[in-house]
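Engineer: coordinates only, sequence not included:
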């Protein structure tokens, strides 16, 4: 079976390193939704060396920090599931009390229509924040 993250980017690429990429996910009602995707096809965090795990989580935390500054969510959800796409990746999802699924996970049934619309400039602003944080 083909892997979506091996054959495609998984979203709009905001940051690329040899080991991983950070992408913007255009999900209605969830401005700022990003994924951090490991480049090599592995399934679990324990498939990585301790140094690789630390580097990968540093990227996840950099995305969380950037989103907290830029979009001011009520909460950030971090999820590493991979049940449908068994390629190591983390979802970094800004959550709001008025988002379509709150307080449930975004994969549950919607509770209300989406009201938040992403600013077209948001992916670029996130990319700049990530470059400042990860270029150090």
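Structural biologist: All right, it came through fine. It should be emphasised that the depicted structure is a prediction, and the values quoted were computed from it without experimental measurement.
Engineer: where in this protein is pLDDT low?
Structural biologist: Low-confidence segments of the chain, defined by pLDDT under 70: 1, 136.
Engineer: helices along this protein, start to end?
Structural biologist: 4-7, 50-71, 122-134 (DSSP state H).
Engineer: with mean neighbour count added, can I get the ones you listed in JSON lines?
Structural biologist: For every residue, glycine as well, the C-beta is placed using N, CA and C. Formatted as JSON lines, the helices of the chain follow (neighbours: other Cβ atoms under 10 Å):
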{"stretch": "helix 4-7", "mean neighbour count": "14"}
{"stretch": "helix 50-71", "mean neighbour count": "17"}
{"stretch": "helix 122-134", "mean neighbour count": "16"}
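Engineer: of the ones you listed, which is nearest residue 98?
Structural biologist: helix 50-71 (13.3 Å; Cβ to Cβ).
Engineer: not counting the closest one itself, show me its contacts.
Structural biologist: Helix 50-71 is contacted by residues 15, 17, 19-20, 22, 31-32, 34, 36, 38, 45, 48, 73, 76, 78, 88, 90, 92, 94, 122, 125-126, 129-130, 133-134 when judged by Cβ atoms under 8 Å, 6 or more residues apart in numbering.
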